[in-house]
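Undergrad: following is a predicted model, sequence given first.
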Amino acid sequence: MLQLIDEQDTQQALAEYLKTKRKQAKLSREKLAVKSGVPAPTIKKFENTGQISLRQFLLLWLSLDDINRLYHLTKEQKVSLPTSIEEVLSRDY
């Protein structure tokens, strides 16, 4: 299935993710602003548009999720591909 995702789609997906995490934590934008140091109007703009500075995004992430999960996305993951049909069939790769 061909899927074209651009930077705006990704920004909005990240905004929706953190908005969901905020709601799950039962935090208003104002309470999250106090916790994160990111102004409530900036949080509102981010949730609506996906636009935010990287620093402010990281502050929100730190307040709502485990920063290690985000950090590990920056590490290259080694993918071991099968080298034979036998490996594919046995799923030992």
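TA: That came through fine. Residues are numbered from 1 along each chain as shown.
Undergrad: how close does the most centrally placed residue in the chain get to Trp61?
TA: Geometric centre of the chain, nearest residue: Leu14, 4.7 Å, by Cα atoms, centre = their mean. Plainly put, Leu14 is 9 Å away from Trp61 if you go by Cβ to Cβ, to the nearest Å. C-beta: built from backbone N, CA, C; applies to glycine.
Undergrad: quick one on the thing from earlier: next up, the contacts around the residue nearest to the centre of the chain.
TA: Counting by Cβ atoms under 8 Å, 6 or more residues apart in numbering, Leu14 touches Gly50, Phe57.
Undergrad: dihedrals phi and psi, it?
TA: Per-residue torsions, Leu14: phi -70, psi -40 (degrees, to the nearest 10).
Undergrad: SS state for Thr83?
TA: When classified by DSSP: H, G, I helix; E, B strand; the rest coil, Thr83 comes out as coil.
Undergrad: likewise the one 5 residues further on?
TA: When states are read from three-state DSSP, the local structure at Val88 comes out as helix.
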